[in-house]
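just need the structure, nothing else, for what follows:
(chains A and B)
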Amino acid sequence: MKSQKYAVAEVAAPVLNATADEVAALVEYPPQPEMGDLALPCFRFAKQLRTSPQLIAAQVAEALTASGRFATAEVAGAYVNIRLNRAEVANEFVNLAASDPASLFSKRRHQGDTAAIDYSSPNIAKPFGVGHLRSTMIGQALARMMRCDGFTVIGINHLGDWGTQFGKNIAAYLRWGDEETVRQNPVRELLRLYVRFHQEVENNPELEEEGRMWFKRLESGDAEAVRLWRWFIDESLKEFRKTYDLLGVEFDHYLGESFYNDKMQAVIDELRAKNLLIESQGAEVVDLSDVDMPPCIIVKSNGTSIYATRDLAAALYRHDVLGANHLIYVVGAEQKLHFAQLFEVLRRMGREWAANCRHVAFGLMKYNGKRLSTRRGQVVYLEDVLAQAVSEAARIIEEKNPSLPNKEQVARDVGIGAVIFNDLKNYRLHEVDFRFEDVLNFDGETGPYVQYTHARACSVLRKAEAESVRVPERASFTQVIESEWTLVRLFAQANEVFERALDDMDPSQIARYALDVSHAFNRFYHDAPILGAEPVLREQRLVLTHAVRRVLTFSLYLLGLKAPEAM
RNA sequence: GUCUCAGUAGCUCAGCUGGAUAGAGCAACAGCCUUCUAAGCUGUGGGUCGGGGGUUCGAAUCCCUCCUGAGACGCCA
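Numbers count the residues shown, from 1 in each chain, chains lettered A, B, ... in the order given. Okay, here's the model as predicted:
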């Protein structure tokens, strides 16, 4: 709709003694569609032009009408309400949506840029819970959105595969575990041992020392410690990959924290060489008091490094070795300060690309209003949630469409889609309270609703084919009824929605858009015959249906959902 | 204590860089399948936009203040 806003602005600007860009920024959508397609409020020109806003609006309306570029331009108080030439706009956007939905959304503003996105990043030997869905799916959606906007995207799974917890894991395993049980159910068994460790430590404090001892051995390369550690990683990854396969999530690199063990000294050396390190309470830190931030600890008082050092090494690796000039971190909001410090230190190290680093924070996932504690063994496994959603989808298919071919696959696509969409539809910074009743409800503003709408559109197109009705590549629109026009307007807004979603790093805006298109199509489907319309109208409506189908497929793709053709 | 984020209908949330009577979904109730998939469509009820100030022609939106909740605040990541 940008081009239409600008067209209005071009004509109105001379009347308002302002530039077209200034005016274009003021053009908005009227609250009620009956008022018009676009509106220009004229209040703020009153002072400069020394006339009433109403009079200014009248002059603007006159100029817009005289230009002949719009269907109507009417005054309503201080507003000018503009109606567009429906057939013209429909010809432009419906045909574009039908032929090339990616171009409908994106102008590929970032051709030539490379972005490394850090997302999902679960901890080894810990469960993959519902909480990990957030980083995983927001990251996956952003990866696709950024790729669509021209970025070369590098997806990185920054696995938590290092730290003192592995000393505890090893100690607990050696005391109470056995190979066979772990092999059968690695993550659940390792968690059980880990939880037991924390329980027993209450009465038996020397266990802590045992854990520390095993981590020291691991650090110094002790064969037994390294063997067990690697084994935990392998077993955990096998399970994680199963979940990623279900979700359809992919990474270019699995690079755990341990990968940077030998890359941190260089960071420390560089910071020291650049005189950024100062001694403080026995530790070495970068002082950030001049930007009102607490110091960033680089070397602990016991001489070892810390996560900030590791993250600096990882950032340098992503830029210098992987060639990324934009670094994106899809990590919980609780690490906000840490990333602010990290980016500030990078800037002080002279890395001008620090300005392109972004922490895409998200709110905590709670369960029945409570925070889950892995350490206490409170976990809702994502694989259990997905399985329940899939069986609910299967149940509904059995009830509504038992003759559907490919039932199992569709149940998977829909059930998993419901879980993903439920997570992506809300603003990422909000905390989400995970509740099965919400996730397993497939009515209303849900993934299955969008998928169902897509399947409906597919069904019409299939039926056309079966009746040997040709669906042309493009149509020439003549008359456009209200319910069609709502769809056309949405297509015309796709680019604005997409760019805002990307600038805000907010997939929920794509999800809302898909819901809007779905609702508009369902209304159209209900109101107007498609196949039953007379030939000229039938042709337009089939192209419109095809456009809806492609726009929904594309939106669902961006969000990481499958688009079954029947359900 | 300081900082950050959030507070909109019974519940879950939209509301774009301030703009016209604050919108959806769920839940409740009432309609719509001899016609392209009813996982749909339509309608009804439901709101002092946390409270109070301020800026403005105009504030859910910006500023101040208070209340509530969450998170962060040096050797976990």
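
just give the closest residue to A:Ala63, not the sequence neighbours.
Leaving aside its chain neighbours, A:Ala63 sits nearest to A:Val15 (5.0 Å; criterion: CB to CB, 6 or more residues apart in numbering). (C-beta placed from N, C-alpha, C; glycine too.)

report the secondary structure state of the one you found.
For A:Val15, the assignment made with DSSP: H, G, I helix; E, B strand; the rest coil gives helix.

again with the one 10 residues further on
Going by three-state DSSP, the secondary structure assigned to A:Ala25 is helix.

and for it, the neighbour number?
11 (other CB atoms under 10 Å).

and what of A:Ser280?
The tally of other residues near A:Ser280 (other CB under 10 Å) stands at 13.

again with A:Lys400
Residues within reach of A:Lys400, counting by other CB under 10 Å, total 10.

could you check the pLDDT of it?
A:Lys400 is assigned a predicted lDDT (pLDDT) of 93.

ditto for A:Asp290
For A:Asp290, the predicted pLDDT is 90.

who are the neighbours in contact with the residue nearest to A:Ala63?
Contacts of A:Val15 were listed using CB atoms under 8 Å, 6 or more residues apart in numbering, and they are A:Ile56, A:Gln59, A:Val60, A:Ala63.

check contacts around the first one.
For A:Ile56, the set of contacting residues under the criterion of CB under 8 Å, 6+ apart consists of A:Val15, A:Leu16, A:Cys42, A:Phe45, A:Ala46, A:Leu49, A:Ala78.

for these, give me a markdown table that also has distance to RNA strand B.
Below are the contacts of A:Ile56 laid out as a markdown table (distance: CB to the nearest atom of the strand, whole Å):
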| residue | distance to RNA strand B |
| --- | --- |
| A:Val15 | 16 |
| A:Leu16 | 12 |
| A:Cys42 | 8 |
| A:Phe45 | 9 |
| A:Ala46 | 7 |
| A:Leu49 | 13 |
| A:Ala78 | 7 |
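
neighbour-wise, which one of those leads?
Using other CB under 10 Å as the neighbour criterion, A:Cys42 leads those with 28 neighbours.

and that one, backbone torsions?
Main-chain torsions, A:Cys42, degrees, to the nearest 10: phi -110, psi 10.

separation between it and A:Pro53?
A:Cys42 sits 5 Å away from A:Pro53 when distances are taken as CB to CB, to the nearest Å.

residues contacting the residue in the stretch 251-400 of chain A positioned nearest to RNA strand B?
Of all residues in the stretch 251-400 of chain A, A:Lys300 sits closest to RNA strand B, with a separation of 2.9 Å (CB to the nearest atom of the strand). If you count contacts by CB under 8 Å, 6+ apart, A:Lys300 has them with A:Ala283, A:Ile306.

got it, and A:Leu312?
Applying CB under 8 Å, 6+ apart, we find A:Leu312 in contact with A:Met264, A:Val267, A:Ile298, A:Leu342, A:Val345, A:Leu346, A:Met349.

let's see that with 7 Å instead.
Each residue near A:Leu312 by CB atoms under 7 Å, 6 or more residues apart in numbering is listed here: A:Val267, A:Leu342, A:Val345, A:Leu346.

and it, that's in a helix?
Yes: according to three-state DSSP, A:Leu312 belongs to a helix.

surely A:Ser483 touches A:Asp527?
Yes: with the criterion set as CB atoms under 7 Å, A:Ser483 and A:Asp527 qualify as a contacting pair; they are 4.7 Å apart.

what is the end-to-end distance of stretch A:315-328?
Its start and end residues considered, stretch A:315-328 measures 10 Å (CA to CA, to the nearest Å).

and it, which residues are buried?
Residues of stretch A:315-328 classed as buried under the neighbour-count rule (16 or more other CB atoms under 10 Å) are A:Ala315, A:Leu316, A:Tyr317, A:Arg318, A:His319, A:Ala324, A:Asn325, A:His326, A:Leu327, A:Ile328.

show me the residues you listed that map onto strands.
Using DSSP state E, the subset of the buried residues of stretch A:315-328 located in strands is A:His326, A:Leu327, A:Ile328.

and the gap between the second one and A:Leu461?
A:Leu327 sits 42 Å away from A:Leu461, going by CB to CB.

now do the strands in the stretch 351-500 of chain A.
Taking DSSP state E, counting those that start in this stretch, the strands of the stretch 351-500 of chain A run over residues A:357-360, A:365-367, A:370-371, A:432-434.

want to throw those strands into JSON lines with mean pLDDT, mean neighbour count and distance to A:Leu559?
Output for the strands of the stretch 351-500 of chain A, formatted as JSON lines (pLDDT from 0 to 100; neighbours: other CB atoms under 10 Å; distance: least, CB to CB, whole Å):
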{"stretch": "strand A:357-360", "mean pLDDT": "96", "mean neighbour count": "20", "distance to A:Leu559": "15"}
{"stretch": "strand A:365-367", "mean pLDDT": "85", "mean neighbour count": "18", "distance to A:Leu559": "18"}
{"stretch": "strand A:370-371", "mean pLDDT": "78", "mean neighbour count": "10", "distance to A:Leu559": "27"}
{"stretch": "strand A:432-434", "mean pLDDT": "87", "mean neighbour count": "18", "distance to A:Leu559": "16"}
